[in-house]
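Q: here is the input, now give the coordinates:
(4 chains)
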There are 4 protein chains.
Amino acid sequence: MVTLDDLRVRRLGECRHDSTLAKYVGGRKTNEHYVDEDDRVLFDDTIELLASHGLPLGQVPTLEPGGPRRKLYFPPGATKVGVVTCGGLCPGLNDVIRGLVIELKNHYGIDDVVGFRNGYAGLNPALEYPPIELTPERVSKINTQGGTILGTSRGAQDPEIMVDRLVELGIDILFVIGGDGSIRGASKIAAVARGRDLPLAVIGIPKTIDNDIPYVGQSFGFQTAFTVAAQSIAAAQVEAQSAINGVGLVKLMGRYAGFIACYAALANHHADFVLIPEVPFALHGESGFLAALERRVAERGSAVVVVAEGAGQGLMTDAQTGTDASGNRKLGDIGRFLEGEIVGHYASIGRELNLKYLKPGYSIRSVPAKAHDSVYCVRLAQAAAHAGMAGRTDMVVGRRHNRFVHVPIDIVVSERNEVAPDGDLWLSVLESTAQPLEMR
Amino acid sequence: MVTLDDLRVRRLGECRHDSTLAKYVGGRKTNEHYVDEDDRVLFDDTIELLASHGLPLGQVPTLEPGGPRRKLYFPPGATKVGVVTCGGLCPGLNDVIRGLVIELKNHYGIDDVVGFRNGYAGLNPALEYPPIELTPERVSKINTQGGTILGTSRGAQDPEIMVDRLVELGIDILFVIGGDGSIRGASKIAAVARGRDLPLAVIGIPKTIDNDIPYVGQSFGFQTAFTVAAQSIAAAQVEAQSAINGVGLVKLMGRYAGFIACYAALANHHADFVLIPEVPFALHGESGFLAALERRVAERGSAVVVVAEGAGQGLMTDAQTGTDASGNRKLGDIGRFLEGEIVGHYASIGRELNLKYLKPGYSIRSVPAKAHDSVYCVRLAQAAAHAGMAGRTDMVVGRRHNRFVHVPIDIVVSERNEVAPDGDLWLSVLESTAQPLEMR
Amino acid sequence: MVTLDDLRVRRLGECRHDSTLAKYVGGRKTNEHYVDEDDRVLFDDTIELLASHGLPLGQVPTLEPGGPRRKLYFPPGATKVGVVTCGGLCPGLNDVIRGLVIELKNHYGIDDVVGFRNGYAGLNPALEYPPIELTPERVSKINTQGGTILGTSRGAQDPEIMVDRLVELGIDILFVIGGDGSIRGASKIAAVARGRDLPLAVIGIPKTIDNDIPYVGQSFGFQTAFTVAAQSIAAAQVEAQSAINGVGLVKLMGRYAGFIACYAALANHHADFVLIPEVPFALHGESGFLAALERRVAERGSAVVVVAEGAGQGLMTDAQTGTDASGNRKLGDIGRFLEGEIVGHYASIGRELNLKYLKPGYSIRSVPAKAHDSVYCVRLAQAAAHAGMAGRTDMVVGRRHNRFVHVPIDIVVSERNEVAPDGDLWLSVLESTAQPLEMR
Amino acid sequence: MVTLDDLRVRRLGECRHDSTLAKYVGGRKTNEHYVDEDDRVLFDDTIELLASHGLPLGQVPTLEPGGPRRKLYFPPGATKVGVVTCGGLCPGLNDVIRGLVIELKNHYGIDDVVGFRNGYAGLNPALEYPPIELTPERVSKINTQGGTILGTSRGAQDPEIMVDRLVELGIDILFVIGGDGSIRGASKIAAVARGRDLPLAVIGIPKTIDNDIPYVGQSFGFQTAFTVAAQSIAAAQVEAQSAINGVGLVKLMGRYAGFIACYAALANHHADFVLIPEVPFALHGESGFLAALERRVAERGSAVVVVAEGAGQGLMTDAQTGTDASGNRKLGDIGRFLEGEIVGHYASIGRELNLKYLKPGYSIRSVPAKAHDSVYCVRLAQAAAHAGMAGRTDMVVGRRHNRFVHVPIDIVVSERNEVAPDGDLWLSVLESTAQPLEMR
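A: Numbers count the residues shown, from 1 in each chain, chains lettered A, B, ... in the order given. A predicted model of the protein is given here:
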């Protein structure tokens, strides 16, 4: 169980500089928008959870709210900032970059922002990707493009080398936009800097198209992702309904968490089956998926199956999934596997089948963010800028209970956000699809 | 300050019927998705607010969570349901209608759902709008259309007459999808039924494109609305930037609350000024809006102004706004007023002006819901169906702290949800636009 | 060379019934919209072509224009019509169905329209797909859905059996919406009817997402198709540009004709290479595709390759493409083949490669038609209705020189429309991509 | 009647430079894509029109085809080019600018392209808008933005001053993207240059969102325009159908030509009435518009009226339309006028009316071009670049009979393209709306 202590955010030191909110927001002295240091956001949702701590109110777990502070650690107008984007694409990366640049300029008078290219590779000078300057002009329209103007890559670099590089360039605050691996990398950079006693703030902005990072609210780009995914489900339904015994099979992202599959399926009620990693299912037998699919097709003339890429891994053999260099089993291609099983099943019962298999992956990752995600990206960037200037480090920004919050990295990488099989989201999906529970 | 007592939801009586979740979701006995009756959702966000009650945990304000109950008031498969949509259009109305019909069928085996036409007018037999039957087939694709297939109207009908009509038709549960006025009307229907001791459940699904109904989370259709509104802001920017001294003026919805203006402006960072009802502003003088606009246009070559329809009412005279039959001042047309003032100002300083005035109102109200709102509508409809079947009445469904909740109508019509001038949303807008604070 | 005689359209017999244009378009006697029987549309585009016939003007090849006739073969208000959709999906099928139903009703007072289900299978009573009634109410919103509400299937049925079925149902006019195979099928139906001396009109509305049917202008759905295809190219570019040595590979439709690849590539100038069936290319060697790709990636950091499914077939062995039951070579999967070759090439030169392979096929086929195609579908349907009522048969409608025209089926199935390697479309592509000519 | 002579395009002089097609398209000597100088595109569509000239084939009116020539007037790689955009916004302006820059670079090795700002104002040095450099990098993503990155303005400048400026900057070819007024202005610039014996080529790319410039095929941006306009008609229908006696009134562009109204109405069959400048109509009386509207609303419950801004001008008095400085009558606001008339009519018959009036003008003009228009813009730009390099002047590019063509400016400004009341487009509209013909 998370404690108040677990939620404490690291600080570089005392905040000595006056904030410039008054200066940059319209020139008038105002105190109204500063966050009070004793304001705390509740961690729990229900009275049941809150009561379960058995603690006085002052000691229950709470989070530090995001937002501008009266006193800053870094001096406005004289701070140097770096930004890096890591891992796979996700809608909204350019919105976050743009939001950071505009906020640092408008609110803190900072002109000196550089972008590291191609993920952490850009922080390793041996790889020779020189950083690029990020000005308000340079970023003014990038939100209309998908992807990241900085480029990205997967994989780690030596944190010592990266800290050397940051010191060399005089970076005060590093913003890391990345997934759980990259956020862990950010924590290592912060640790190395701490070990060397360097006043380097490292602020993460969690990126996960699968929405599987916990405690930070819905991740940016997620709504855009399931919006686009829903279009593929609609396409699959059109194909299925236009054919004799049509089956539309849609493989979506979701290695460990089926959120995209669930939300995309709910968006248009078109799915007859949603298969996610969190809910195992049987394939064969009277109550298995294949028999259920056959019944649904017989009943309605067609069916749509939505499968998250991490679903049904237990159905495949090691030979089918393959193993990596260390002998660990790889993620098997459940889409292709199911395609084969369905085709085989219909062949075995001697009935016509028209199966259309859609894999919209890249089309989902590469689109520009939709309006809601754009707003969220801008506001996450604003909260991140405030956190960095106030000398917080080794943390990410998130949103909980309608507030922006600071969350220590240790906490967000300690587990995964998943669809609860006994929760209301999965229930909504079951009610929408009317797929049989006993399939599992 | 809201108390635990204020948040108590009315019930028609004891729940005696077994739920059919097991039957309709896959045929297996399962208890896992039922809501525990002692589960309660926190009302407050911050430890500060929670502490301010000075109450033991058991007495702080909490809400009843939504979701399916083990025991129902109405018998599954033998309950008759009515649905009515009231007031102005809002994206998602058809999604809610469809969600209700599918949920009542899939989960509760209910085939007998009628839709009343043209708002409360359809509940007054004298106006002769016969109700229409709502089957799963009839509603299967309506979510791709904007508006409401039931039609709608504004204005009230006599609650006694409406209850007579409901009794005549044998309606057990009435779902009212409407704004604050219509929700008040729903409460009156519930009160008349209560007075007559009729077992009629009345469940509201709050509809407000302005997002100004409190305690229910973001209202359905709101995200779609600001997404489309943001396109008009983008259009205004294109027009403004393509012209010499171009000014794009966009009037958006928001009689009392500027949420759409704020979110739409944040979505693309294109606005130079956002004017909302909650934050008064001066027009003339060195620190007034007109001088600030002139400076911005001089600096950047063009500017975009986003104004909510309820903003700046104090700037207009009664003659300009007009008064209604009872002598009350009407909402003045701030868009046209500002257009005149800006044109006048540029004429007075003898400088060329190219002003383009956009009023996208109907285009926003009439679009089909985007994916996120569709998901939300489906889940609101599911929660409403569960509440009605469990014999709740005189309440609305909403979402708070990531849970669906039941909220008494008295509470949601007692005040309005507004943009807090000292809150983080307005701060985000100020930081995005860099518009001067002192304008007010 | 096509002659005037080749372009002559078959007629069932003399037109004896008065048209009802006056009645159904507003009730006033008017002659202005009728097509004059001696009006003819030019077949050739250039004076060079026209001169090449060496014929007097009266004998050069011309087409019969589409449109309403003063005299009809079938009586308005008392004619029975059938509609069938065949083959793969294409945007606009529902628009054509809807256009036919509305035109037959509005213009000719015909209420009796049936739709055959699942392609020609629906015309074989043994397969037991009863036809469905098509009313204006039934079709009023179907244009917002992709696919075909009638369902479709591939493959032929015995024309004798189909004519029996048409006679049994009393069908006077059959509209066939389908590709070249289905249009040939329509011609066989017409021939059987002719052999039996039956007054059955068979009118084709050519459907080819590849735009490869000649002499009928651009095919319906084609613009929608390349619009959606262009989105995949944009996605591929985003993925490619965000990665180190990123290559986006997009496989598009186009078995014999590369029109979709060409137009989609031109739509956003994002493609670095466009590979189509009409223009062979070499893979290896200094001037081959792989070396050219390597150079482009080195120069620009990334590249986008668009390949039509029928391109580069000569590069694969029979073993790679496979052969069908009759020993004929199948269409090889050029996308997967190129993916392997590119990966192999980069492995062989020891350079990092990030290849993303997109296959948007079904997503393109299943979308609703965009506005331009919707207009075109409606007008094709109107022209088809006029042709059928005027007793034409064994023909398709098309558009040439800004006029709707009637084209005998013999002519449109005699060859294929292809991208001319020496034409201006391919030149536009070469200039947009700046891909090396000598690659071939 | 247009003669062959009218269609002759002016040339600056003999073409002496070798084309660089071979160089810039892949490095191989090739002749295949050059246009033959004796190739001519037919001007007429029908054999009837062609025969009406009574001329031998060699003398019938034909157009010069567009495309690359073997010999050029200006030397590749050493030519200086200017681009200017004039008049109101239209989707595709940035595509044309981008297409010109890329074509001049890829095909002709030209690096020296400048853009004049704010229309012809940018060619008058007194107004102090310095030109901007247009590089392939600068224009690489501008096609995703609406408007014009160069800015635009209405109105003329002295051609002598503009030619002075062009000479001062050493411009060899000026590309003018503008409407009929601006194209006339381009002709004046060409005439002044001719008078001074300057080797200045002036090539127009006709821009008219109303599609009213004749002889050049459909104008760029037009398809995008009616696509967006159709969305407003759909919105109007949603509003109308959701209300009691709902009437949706949509005012679209079209001062002299109703093409946008016609195509937008056909795109979704939603309009009940389409009113265009070319077809006068009566308002009052049994057969007038108001009575017809009343009947349609009574019959269907609602109606949608689409009106082009130039329609029904005869119905308004001079007082209602206003007159300009020279006493000429201005274009009256037919939308507002009809709104008043409809409201008055329903008041007079004492029936409820819910009228929603939509004016989507700016939202249509400011969007980025859709894919088809983007392709068209690129290809128009390519044709324009070829024409300019080949020393053509005082002409515009267009498309006729599936070929790009050169058309003298005199011809395209001599009349207007209009919807023919007796043509097949208007007939399609009448059949789609089933509006009474006798209304006129």
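Q: from here on, just use CA atoms for contacts and neighbour counts.
A: OK.
Q: not counting sequence-adjacent ones, nearest residue to the residue in the stretch 201-350 of chain A positioned nearest to chain B?
A: Nearest residue of the stretch 201-350 of chain A to chain B (CA to the nearest CA) works out as A:A267 at 4.6 Å. Counting by CA to CA, 6 or more residues apart in numbering or on different chains, A:A267 lies nearest to B:V375, which is 4.6 Å off, once chain neighbours are set aside.
Q: that neighbour contacts A:Y263, doesn't it?
A: Yes. When contacts are counted by CA atoms under 8 Å, B:V375 is listed as touching A:Y263 (6.6 Å).
Q: which strands or helices does the host helix or strand of A:V405 pack on?
A: For A:V405, the enclosing helix or strand under DSSP states H and E is strand A:403-408. The contact analysis (3 or more CA pairs under 8 Å, 6 or more residues apart in numbering or on different chains; DSSP states H and E) places strand A:403-408 against strand A:62-65, helix A:371-389, strand A:395-400.
Q: which of these sits closest to A:E37?
A: Minimum separation from A:E37 across the helices and strands packed on strand A:403-408 (CA to CA) falls at strand A:62-65, 8.2 Å.
Q: and the closest one, what's its mean pLDDT?
A: For strand A:62-65, the mean per-residue pLDDT is 95.
Q: how far out from the middle of the chain is it?
A: Relative to the chain's own centre, strand A:62-65 is displaced by 20 Å; criterion: CA atoms, centre = their mean, to the nearest Å.
Q: each with direction, which strands does that strand pair with?
A: When sheet partners are counted by DSSP bridges, strand A:62-65 sits next to strand A:41-42 (antiparallel), strand A:403-408 (antiparallel).
Q: which stretch in the ones you listed is the model least sure about?
A: When I compare the strands paired with strand A:62-65, strand A:41-42 is least confident, with a mean of 90.
Q: distance from that strand to the middle of the chain?
A: How far strand A:41-42 lies from its chain's middle: 21 Å, per CA atoms, centre = their mean.
Q: quick one: contacts of it?
A: For strand A:41-42, contacts defined as CA atoms under 8 Å, 6 or more residues apart in numbering or on different chains pick out A:61-65, A:400-401, A:403, A:405, B:45-47.
Q: distance of the residue of chain A positioned farthest from its centre from A:E294?
A: In chain A, the greatest distance from the average C-alpha position (CA atoms, centre = their mean) is reached by A:G350, at 44.0 Å. Note on A:G350: its distance to A:E294, by CA to CA, to the nearest Å, is 12 Å.
Q: pick out the residue of the stretch 301-440 of chain A closest to chain D.
A: Closest contact between the stretch 301-440 of chain A and chain D, by CA to the nearest CA, is at A:P368 (11.7 Å).
Q: just to revisit the earlier point, distance of the residue farthest from the centre of chain A from D:G155?
A: Distance from A:G350 to D:G155, by CA to CA: 74 Å.
Q: same question, A:A201
A: With distances taken as CA to CA, A:A201 is found 56 Å from D:G155.
Q: neighbour count for those two, which is higher?
A: Taking other CA atoms under 10 Å in any protein chain shown, A:A201 and D:G155 do not tie; A:A201 has more neighbours (30 against 12).
Q: picking that back up, dump the next helix-or-strand element following the strand holding A:V405 to PDB, restricted to CA.
A: Note on strand A:403-408: by DSSP H and E, the next helix or strand toward the C-terminus is helix A:409-412. Output in PDB follows, covering the C-alpha atoms of helix A:409-412 (Å, rounded to 0.1, in the frame of the first residue of the first chain):
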ATOM      1  CA  ILE A 409       9.500   8.200 -10.600                       C
ATOM      2  CA  ASP A 410      10.100   5.300  -8.200                       C
ATOM      3  CA  ILE A 411       6.300   5.000  -7.700                       C
ATOM      4  CA  VAL A 412       5.300   5.200 -11.300                       C
END
